[in-house]
Structure formats: C-alpha cells, structure tokens
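Student: how would this look folded up:
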Amino acid sequence: MTETTTQAQPRDAQVALWMSTFAFTVCFAVWTIFSIIGVQIKRDLGLNDTQFGLLVGTPILTGSLVRLILGIWTDQYGGRIVYVGVMVSAAIATFLLTFAYDYPTFLLAALGVGIAGGSFAVGIAYVSRWFPKEKQGTALGIFGAGNVGAAVTKFLAPVIMVAFGWKMVAQLWALGLLVTAAVFWFTTRDDPQLAARRAAGIKPEPISALLEPLKNVQVWRFSLYYFFVFGAFVALALWLPRYVVDVYGFGIEAAGMIGAAYSVPASIFRAYGGMLSDRYGARRVMYWTFGVSVVVSFILSYPPTTYIVEGIQGPIQFRLETGVVPFIVLVFVLGFFMSLGKAAVYKHIPVYYSNRVGPVGGVVGLIGGLGGFVLPIVFGLMNDLTGIRQSCFMLLFAISAVALVWMHVAILQMERAAAAPTLEKLPALPEFEPIHGAAQVGALRGRAIEDWRPEDPQFWEQKGRAVARRNLWVSIPCLLLAFAVWMVWSVVVAKLPAVGFRFDTNQLFWLASLPGLTGATLRIFYSFMPPIFGGRLWTTISTWSLLLPAAGIGLAVQSTNTPYWIFLLLALMCGFGGGNFASSMANISFFFPKSEKGHALALNAGLGNLGVSVVQFVVPLVITAGVFGALGGAPQTAVQGGAETKLWLQNAGFIWVPFIAAAAFAAWFKMDDIASMKASFADQAVIFQRRHNWVMCWLYTGTFGSFIGYSAGFPLLARTQFPEVDALQYAFLGPLVGAVSRSLTGWVSDRWGGGRVTFWVFVAMAVGVYGVIHFVGIKDQPGAFWGFFASFLFLFFASGVGNASTFQMIPAIMGKDMARLMPNANPTERRVQAEKESAAIIGFTSAIAAYGAFFIPKSYGTAIELTGGPSAALWSFLVFYLTCIAITWAIYTRRGGLLYDVERRREPAAPATA
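Tutor: Alright, predicted model coming up:
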C-alpha cells in the first residue's frame, strides 16, 4: 500500500495529535493511580513490601499485556474507535475499584484499571498515520509526553486523598476518563490510511501477517531498550513516593511532589527527545540516554556507607550518602534522559515498519510496560531479601548497562559485517602490513570446516567420525563443569546454617532456586549463540565465565558477615553454568548424522549431567580438608549434631577453578566450527512458528525440568522433612542415576523410538512422584526415609531415560515434518533446514525446561510456608505428568500420530530420503 499520510489535512492531523496526547495523559494518570492511593491501601490492609509492589504493579501488567492486541486492532479497525473503547472500559473498572474490600479484590480491580495503559499502543499507531516520516519523531515525542499523567496523579491525588479519601480519587479519575472519551470521539476523525483502505474496499490484514516482523531480533532488542527507558520510568513513578517516605521521612504530600519532580521531566521532555532524534539521529540520543543512565543509577545505587581507614595517626572515619537534594537532582537527570530515550526508540518503528506500527509498537510497548509491572515487584522483593533500600537502583544500573553494551556490540557487528571484505584482507598484526600480500591473506586465521557431510557414509567413515568424536569428548567435560557450578548451591546452601549464617528456610530455598532461574533464562539466549559466534568460540567463553561464581563462592562463605544480597548475586551467577547446556547441545547436534545423533546427544547431556552428581559427591568431601592450604583460607567452625567440627566451605567453589581453566583451553585448541552451522537469530527464529517446538518445551520440562529441579531441591527437602537423617551423603546418588540412565539409554530411543519411550517414562514418573507423596505423608514411621529416597531414585532414573528420548524425538519430528513445511525444496535443502531447526529447538526446549531448577525447589518452599509440608507441590507435579502422558499419546504415538509410522515401521525421518 502506498503512503497515505500526505492526504491528511493539517488541521485534522494537529487535532488528532493533541487530542491523542491529552487522552493519553488522562489514561496515564489513571494507570498510575495506585502509586498514591496504594500507600493508604497498604496501611489499611497491613501489606508488606512485596504485596505492595504487586498491587501497584498489577495495573501495569494488564496495560502491558493488552498492548499487542490493541496495536493489532488499531491497524485493523482504526485508532479512533479502539481508543474510545479503551477509555470507557478503564473508566468502568476504575469506578468499580471503590467497591474492593480486601487484598484479592483490590488485585482484581487493579487488573481492570490497567486497561488504561494499553492506550499507548493505540495512540502510537493512530498518531503515526497522520505525519510523514521526517516529522514522526517529533509527533510521537509530543504524544509520548502524555506520560506526564503520572505527575498529574502525584500532584492532585495526594491533596484529594487527604481531604476526601482515596475512593474520591478513583471516582474523579473514572469521570475524567469518560469525559475525555466523549470529547475525543466528537473531535477526531479516522486516520487517512484507514479511510483510504475503506474507500478502496480492502479488508484488514490477518493477525498472522501483522505479526510477521516479530521474528526479527531488532524488535526484541528495542523491547529491552524500552523495558528500561519506559518500564523503569513507570516503576520509579510508582515506587518513588514509597521510597522517599521510607528513606527521607517525608509525608505523602511531599513524597508526591518529589515523585512529580521525577515524572514531569521524564514526560514532557519526550517531545524534545523526538525533535533531537529527527535532527541529530536517534542512535546518538540513545547512546546519551544509556550512558548517562548507567552513571546516575550507579550513584543512586550506592547505599549510605561509613568507612574507617587506618591512617598514620589513627583511624579516619568518613561517610558516603546521597542527601535529599542530590537525590532529587539525580532523579531529575535520570528522568530527563529516559524521556529522550523513549522518543528515540519509537522514532525507528514507523520508519522501518510503516504498515506494522500497531503490532511492532505494541510488542515493544508490551515489554516496556512489563518492566513497569515486574520492576516494582522486584524492588519490593529485593528490599525484603537484601534489606537495602537502594537495591532498586542497583537493578536499574544492571539493566541500563546491559542495554548499552548490547546496543554497542550490535552496532559494531553491523559495521564489521559491512567492512568484512576489507577486514579479511588485512594482516593479523599491523607490524606485518608492509610485507602483507595476497599469498598471506587468511593464512593465520582459523577456518571453519567448509565441507561437512555427516549423512555421507564415506565422508563419515574417512573424516567425519573422528572430528565429531573429538568435539564431543571436549564438550562433555566443559558441560560437566557447567552443571557442577550450576548445582553447587544445592550442597552449599544446606551447610550455611551449620557454619553460622543466620538465614531462614525461605531464604535458603531462594538461594537454591535462583541458579535455576538465571540458568533457564540464559539458555534462551545461549541456544542461539553457536550458529552466530561458532561453537568453538562460544564454548570457550561460556566455560571461562564459570570462574566468576566458583571463585566468588569461595570468597563469600569465609565470613558470616557477608550480606545476604551477595549470596543472591552469586546464586544468580551460578546460572552461567545452566545456560551452557543449551549451547553445548545445539553445537554437538550439528556434528553427528541422525542415526547417531540420539546416542551422541545422550552422551553429551548424560555425562554432562554427571556434574550434578559429582558436585554432590565431591563437595561434601573437599570441604572437610584444607585442600589448598593457606591459599584457600582458614576453616569455619561448624556445629553438627551438637558437636563442633572444622569445615573449609570455600573449597566448594575453589575446587572447580583449575578444572575450568583446563577445560576452557581444551575447548579453544581442540574444538571446531562448521561453516554450514552459521545462522543468524532471524534464521533460527522460525522455530517460534513451529507448533512442535512448544509441544516439546512442555514435554522436556517434564523430563529434564524434573531431573534438574529434583537435583537442586532434594538435599534441602530431605533436610527439612527428615532432619534426623544426614541425607547429604546420599544426595549425589539421585543425579548419578539420572545422568547414567540418560547416557546409557540413548540407544533405546534410537531403536524403539523416542515417542514410545517418552510415553512410558511419564507413566513411570507419575508412579514415582506418588510414591514420594506417600512416604512424606508417613515420614514419622520407621523406614519412611528409605521409601522416600527410593522413590526419588526411581524418579531420577525415569527422568534420565526421558531426557534422552525427548531429545531423540526432535530430529525425528522435524525430519518428518519438513516435507510438509518445504514441499518444493530438494532433499538436501530439507535436511540442512531440519538440522538447523532441530538444533535451535533442542537449545530452546532445554532453556524452557531448565526453569524446573527454579520452580521445583521454590514450589517446595512455598508449599511448606503455606501448608506446612511439600505435598501440595508434589500433587501439582503429578497432575503435570498426567498432561504429558496425554500430549505424547495424542500428538505423537497414537495410530495416526506424527511418529507412529516412523517408530513402528521404521520409516526414515530424514528429509534427505523422504
């Protein structure tokens, strides 16, 4: 469709812009209403910080999640009618808020209030239709200045609330929305593009076509940028009144004014950011935004600290603390540059996605809005866990630093790709430039293997098998060490109370859970890394990264004065080890033919999984002796069974350091890259459109998610349920059984079919978890622990077999399905595409499944906290396994299922012979 914005009358465009901005201001005022009335509700209901964070964040959740669908509806049906519908719906919900009477009903009402936040996606798409590209930055900047609605709430709501109560605030804000909706409807017109489409009788595009741009990585990178510049803005707008009340002792009226001092510049200067983006370029504005944000958030994150320096003439004491005036100034600066960044991010969208502004702007706004929901909750959670009020700014520092680094690295990659032909001709070192000629070009650079044909029997026997096996046997110890570092907390946490750390049960379960959370999250990114950077380089880098948590643990556990937040940070960094699995499996899958892929992946994963058993066997041994002598530090005094003993708990981290270094060197010097493995994120992102990718995520969560979750949670669960038994000495047996069963049973799936094996695995796991439930219920009876332990061993064995069988299913599924997906491609093209998609799916499913390492231990802790025992969590696991049984049978193994013919008649699944 040709551009239609030139048909717009200047007067209609200006009316659309200013009415949309006014409407967005009112909607934003409603969207952030809980930042003020929530303070009074918190007092009335006696909420803690985490509950308060959830309450103020719930409207932000709704407003974020609806942005994508509202953006799509705006492209399909026009912004005018959708905008009015949003305002009317939010007005009704805001009025009904006054009838809430307890915490659950307030949360329910807050979900409805959040609809107002969806107005942003509608307004962005509607306003952009009225202006040409060279003016869209300014126009969208002016519209985005409607964020000032947060300041309106902070200026007016405290006064009204003090005089008439919080219910009057909600009623007046609801009335304002209704009036604004009426004025907007009668003063604006449909945008020119919609009017032209209706005049031509063209139907709206389907949702599938509108969502096509979402497979591009830049959409998600811009979502991260907006997560900070907008999500953090909303989070601080909600959090600052509470923050200044607690830190500086202000009343609610003064706190609202200080919050407004932040919100106003972070809103009205968005228009100025649009002008700067139009004039000087959005990239330059974004560099300034993230650079200044990193510096300011670092200063704000520094907690009040008293230093004592041993001087020549005695101790010298001084204190670093951010006073209220510097704080307000710094927050003003942060808000100002956030406002510039918001405009710069959205400057790009209508330029590059002129006919997809709704869905692209919607998803970017959705992720940004989710920041406004997630961050207040995390702020409250970090307060509860660390006891440091400034921890919220510590998190913002980390997010802004990641955004800055990612943006800069992406720009460098783009520039280097453009200059690649010239760079390839340069010498390795500038000293050789005078004598560098054509004969020397590329002579000193490592080359990827160009000719790789594992499905060719002759090539495989002569060359391929030796290369593949060498890479496999280097990959296995790297992965074993990654699992060891990932799961080291499962042992260390159980010993922390014995050496004097005063952490309660819930805090200990958090430490056991967090490595699983970060490991699973990192896997999502790691799974795409080998085809982008090369398996050799990425394996080396990811292995070196394990040094940070390993050495950090060794240092932190030597002093009981180490604050809890340090342990939280180290637990998060242990997730580096969890992320390595996705990249390792994706890398190894490229080296082997499909006939040996199941066995090779089972060996890589199974022997790598041995790291869990190794850590639970080795650590209890090495912490009983001074392995490193004076270099390792002094031992700690532990109290166990009423007797004192010496423990070198730091060895739990230090013991892995030399092995990590050796494995990283081996990866760099002994592994290879395959040229045909190279693929961008966009090439691999096609898996998100594959139904079987999501089905296998569910099934692999049932196998590997169970294995890693039970591994992380078993030691602590056994200690809480059977305190009279020293279960730590047996804990390594479960992961050992799971790892060995995985590595030794890959051939079963290769012979009988992964689908059939997976079906019976889930039947076995349902039986096993029922056994655990039974013995937990009779835990006071003699022998109950051994029944409990035997049931877990059975679960570990079944999960290990299932780990191998589910991964064997993936190449078979894609090989069979590729004939349907690529009907016009030749067999070789289908095989290559199936291998790329299988590798990406293997990595991605492992990422999703790894969340089991977080949710299973955390489920134990939550169930114990709420019900006094873990049975509620275990019953939920049983129900999950029943769904896995049903899904496996219905989609893959029943007569007519995708794998029925392949697994019973042994029809080849490879596209090359389909």
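Student: how about this structure, which residue sits the furthest from its center?
Tutor: Farthest-out residue of the chain from its mean C-alpha position, per C-alpha atoms, centre = their mean: residue 313, at 51.7 Å.
Student: Quick check: residue 584 touching residue 608?
Tutor: Yes: in this structure residue 584 lies within contact range of residue 608 using C-beta atoms under 8 Å: 6.8 Å. (Glycine included, C-beta is placed from N, CA and C.)
Student: show me the contacts for the residue nearest to residue 177 when sequence neighbours are not counted.
Tutor: Distance criterion C-beta to C-beta, 6 or more residues apart in numbering; nearest residue to residue 177, sequence neighbours excluded, is residue 91 at 3.7 Å. Residues in contact with residue 91 (C-beta atoms under 8 Å, 6 or more residues apart in numbering) are 30, 174, 175, 177, 178, 181.
Student: So among those, which ones count as buried?
Tutor: Among those, those scoring as buried are 30, 174, 177, 178, 181 (criterion: 16 or more other C-beta atoms under 10 Å).
Student: Which single one of these is nearest to residue 782?
Tutor: Of all those, residue 30 has the smallest distance to residue 782: 62.3 Å, by C-beta to C-beta.
Student: Would you agree residue 148 is in contact with residue 25?
Tutor: Yes: between residue 148 and residue 25 there is a contact at 5.9 Å, judged by C-beta under 8 Å.
Student: The two: which is more packed in?
Tutor: residue 148 (25 against 21; other C-beta atoms under 10 Å).
Student: helix, strand or coil for the more buried one?
Tutor: At residue 148 the chain is in helix, as set by DSSP: H, G, I helix; E, B strand; the rest coil.
Student: follow-up on the earlier one: nearest to residue 741, out of the buried ones among the contacts of residue 91: which one, please.
Tutor: Set against residue 741, the nearest of the buried ones among the contacts of residue 91 by C-beta to C-beta is residue 30 (56.1 Å).
Student: sec struct for residue 644, please.
Tutor: strand.
Student: What is the neighbour count of it?
Tutor: With other C-beta under 10 Å as criterion, residue 644 counts 8.
Student: Also residue 588?
Tutor: The burial count for residue 588: 27, using other C-beta under 10 Å.
Student: Going by neighbour count, which residues in the biggest helix by length in the chain are buried?
Tutor: Longest helix in the chain by number of residues (criterion: DSSP state H): helix 784-821. By 16+ other C-beta under 10 Å, the buried positions in helix 784-821 come out as 784-785, 787-789, 791-818, 821.
Student: can you check stretch 124-142 too?
Tutor: Within stretch 124-142, the residues that qualify as buried are 124-131, 136-142, counting by 16+ other C-beta under 10 Å.
Student: Residue 172: neighbouring residues, count only.
Tutor: Neighbour count for residue 172, taken as other C-beta under 10 Å: 15.
Student: how far away is residue 298 from residue 572?
Tutor: For residue 298, the distance to residue 572 (C-beta to C-beta, to the nearest Å) stands at 19 Å.
Student: hmm, I was thinking of residue 80
Tutor: 46 Å.
Student: do residue 770 as well
Tutor: 34 Å.
Student: can you give me the helices for the stretch 351-500 of the chain?
Tutor: In the stretch 351-500 of the chain, the helices defined using DSSP state H, counting those that start in this stretch lie at 357-386, 391-418, 420-424, 457-459, 465-487, 489-495.
Student: Would you format those helices as a markdown table with distance to residue 873 included?
Tutor: As requested, the helices of the stretch 351-500 of the chain are exported to a markdown table (distance: least, C-beta to C-beta, whole Å):
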| stretch | distance to residue 873 |
| --- | --- |
| helix 357-386 | 20 |
| helix 391-418 | 28 |
| helix 420-424 | 52 |
| helix 457-459 | 50 |
| helix 465-487 | 19 |
| helix 489-495 | 17 |
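Student: Dead centre of the chain: give me the residue that sits there.
Tutor: Nearest to the mean C-alpha position of the chain, counting by C-alpha atoms, centre = their mean, stands residue 521 at 4.4 Å.
Student: what's the neighbour count on the spatially closest residue to that one that is not a sequence neighbour?
Tutor: What sits nearest to residue 521 in space, not counting adjacent residues and going by C-beta to C-beta, 6+ apart, is residue 575, at 7.1 Å. Using other C-beta under 10 Å, residue 575 has 25 neighbouring residues.
Student: Need the residues that contact stretch 273-291.
Tutor: Under C-beta under 8 Å, 6+ apart, the answer for stretch 273-291 is 134-135, 137-142, 144, 225, 228-229, 337-345, 347-348, 400, 403-404, 407, 411.
Student: Spell out for me the ChimeraX command that would select the buried members of those.
Tutor: In ChimeraX syntax, the buried subset of these is picked out as below (16+ other C-beta under 10 Å):
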select :137,138,139,140,141,142,144,225,228,229,337,338,339,340,341,342,343,344,345,347,348,400,403,404,407
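Student: Sort out for me which of the contacts of stretch 273-291 are in helices.
Tutor: Short answer: these in helices (DSSP H) are 134-135, 137-142, 144, 225, 337-345, 347-348, 400, 403-404, 407, 411.
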